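Participant: Fold the following for me, if possible:
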Amino acid sequence: ETYSMNNAPSYAYENRKAGREFAHGKNTALAQVLKTKGALTSFSQGVETALVYLDKNTEMNEAKFYQHDWAKIAIKEAEAVRSGVGLAAATGFSKFLITGPRARDLLLATTTNVVPKTAGACRLTYAIAPKSGSVVAEFTVSNLTG
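Facilitator: Just a heads-up that it's a prediction; the model follows:
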């Protein structure tokens with residue numbers, strides 16, 4: 001899977017196999033519970049993700065291109081979350097605590113955006129490859145101390 005697909009929607013039965021066997025979150029305890037609850041999963045942004053929860057009476061036809069059988073269920077779920085509450089697994093996200101007198105210098109040298117100076121402020125930034133300039137990673141950088 002490539003970085004260019006990070007923000008592309010993921011669809012049931014769309015099969016992006018590259019690296020899927022190494023997907024983070026595929027074999028977590030939460031993933032196993034979600035599957036027992038009927039989760040139809042896909043690989044998106046390097047993480048095995050629940051797309052929709054199927055009831056036992058749903059017949060799936062993966063050969064369809066438009067109006068998949070799961071679409072009505074996904075709409076119902078989205079409406080339930082919008083009017084109630086939802087829970088999402090974010091096991092693919094890592095956190096780094098960078099401290100020390102030159103922590104800010106390190107972030108300024110290795111990422112593309114201005115590091116926030118105010119405590120509690122945050123910025124979206126990217127790490128880029130030095131030679132090619134291609135994006136290696138995306139980070140949300142927060143200043144915890146000011």
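
Participant: Would you state the predicted confidence (pLDDT) at residue 136?
Facilitator: Listed pLDDT for residue 136 reads 82.

Participant: Quickly run through the sheet partners of the helix or strand where it lies, with directions.
Facilitator: Assigned by DSSP states H and E, residue 136 falls within strand 135-142. Using DSSP bridges, the strands paired with strand 135-142 are strand 122-128 (antiparallel).

Participant: For the partner strand, buried residues please.
Facilitator: Neighbour counts over strand 122-128 (16 or more other C-beta atoms under 10 Å) mark 123, 125 as buried. For glycine as for every other residue, the C-beta is placed from the backbone atoms N, C-alpha and C.

Participant: Can you show me the helices along the chain?
Facilitator: Counting by DSSP state H, the chain has helices at residues 29-36, 71-83, 103-110.

Participant: Give me the residues contacting the last one.
Facilitator: This points to helix 103-110. Defining contact as C-beta atoms under 8 Å, 6 or more residues apart in numbering, one finds that helix 103-110 is touched by 98, 114, 115, 125, 127, 141.

Participant: can we see that at 6 Å?
Facilitator: By C-beta atoms under 6 Å, 6 or more residues apart in numbering, the list of residues contacting helix 103-110 from outside reads 115, 127.

Participant: quick revisit: only C-alpha atoms, please: export the strand holding residue 136 in CSV.
Facilitator: Coordinates of each C-alpha in strand 135-142 appear next as CSV, following Å, rounded to 0.1, in the frame of the first residue of the first chain:
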residue,chain,number,x,y,z
VAL,A,135,6.7,11.9,2.4
VAL,A,136,7.8,9.2,4.9
ALA,A,137,5.4,9.8,7.7
GLU,A,138,2.7,12.2,9.0
PHE,A,139,2.7,13.4,12.6
THR,A,140,0.6,15.6,14.9
VAL,A,141,3.2,17.4,17.0
SER,A,142,2.0,18.8,20.4
